[in-house]
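Novice: coordinates for the following, if possible.
(chains A, B, C and D)
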Number of protein chains: 2
Amino acid sequence: MPITVTLDAMLAARGMTGKELAERIGISETQLSLFRSGKVKGVRFSTLDRMCAELGCKPGDLLDHVRKIEGGY
Amino acid sequence: MPITVTLDAMLAARGMTGKELAERIGISETQLSLFRSGKVKGVRFSTLDRMCAELGCKPGDLLDHVRKIEGGY
DNA sequence: TTTGAATTTAAGCAAAACTTAAATCGGACT
DNA sequence: AGTCCGATTTAAGTTTTGCTTAAATTCAAA
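Specialist: Numbering: from 1, shown residues only, chains lettered A, B, ... in the order given. Modelled structure (predicted):
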């Protein structure tokens, strides 16, 4: 799955826990945990929006795309 | 809705139609049209992944976050 | 070893991404 | 004006899965 969630780095950078961000943006700790650990298969923009607003960042700071290796083994 | 879809710019930049991208990444023209015109409320990473792969770009090139104006009228 | 905060698992509901098929839009060209 | 044709949009329905609540687990500190 080449889309990776890089939210962890943002949280670490500002010493914020997942629980705290979850509370601030009004989302369940559960969902934020799943998102953070890359266990979700998508996001709603309303959620992404709140994260960006609270952390003062862009979608590109929370999501990344890693190229699949051509003919890797 | 502070999360905006900026895919249109990417397509325009390479003179590609929505239909063409849809076919290349194996998604329906309909869904790509909805996505492109900002009528969706979220994305699946599998879709975002295919777009990034085909266009050779990052999530941040397709999605943006615009700050809501404080006390706008 | 007990406590408490943070994270994860489990189970279920509701929202919406995605599909196919049909309609509409625009431009080019008679 | 009328026809053709590719691109985009609307409509309706399916199915995936985001997100929730509640309970379990982890783990560092006391």
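
Novice: and the residue in chain A that chain B sits nearest to, what element?
Specialist: Residue nearest to chain B within chain A (CB to the nearest CB): A:G60, separated by 2.1 Å. Every C-beta, even on glycine, is put in place using the N, C-alpha and C of the backbone. For A:G60, the enclosing helix or strand under DSSP states H and E is helix A:59-62.

Novice: so which bits of the lowest-mean-pLDDT helix or strand in chain A are buried?
Specialist: In chain A, the helix or strand scored least confidently by mean pLDDT, DSSP states H and E is helix A:7-13, which has a mean of 94. Using 16 or more other CB atoms under 10 Å in any protein chain shown as the test for burial, helix A:7-13 gives A:L7, A:M10, A:L11.

Novice: is that helix up against chain B anywhere?
Specialist: No - counting by CB under 8 Å from any CB of the partner chain, chain B has no neighbours in helix A:7-13; the shortest distance is 12.5 Å.

Novice: stretch A:18-29 too?
Specialist: No - shown here: stretch A:18-29 not in contact with chain B (CB under 8 Å from any CB), separated by at least 12.7 Å.

Novice: ok, the closest residue to A:M10 other than its chain neighbours - contacts?
Specialist: Leaving out its chain neighbours, the residue that sits closest to A:M10 by CB to CB, 6 or more residues apart in numbering or on different chains is A:L55, at 5.5 Å. Residues near A:L55 by CB atoms under 8 Å, 6 or more residues apart in numbering or on different chains: A:M10, A:R14, A:L21, A:D61, A:L62.

Novice: with A:F35 instead?
Specialist: By CB under 8 Å, 6+ apart, the neighbours of A:F35 are A:V5, A:L7, A:V43, A:T47.

Novice: tell me, how many residues neighbour A:S46?
Specialist: 14 (other CB atoms under 10 Å in any protein chain shown).

Novice: name the residues that touch stretch A:20-33?
Specialist: A:L11, A:G18, A:K19, A:V40, A:T47, A:R50, A:M51, A:A53, A:E54, A:L55.
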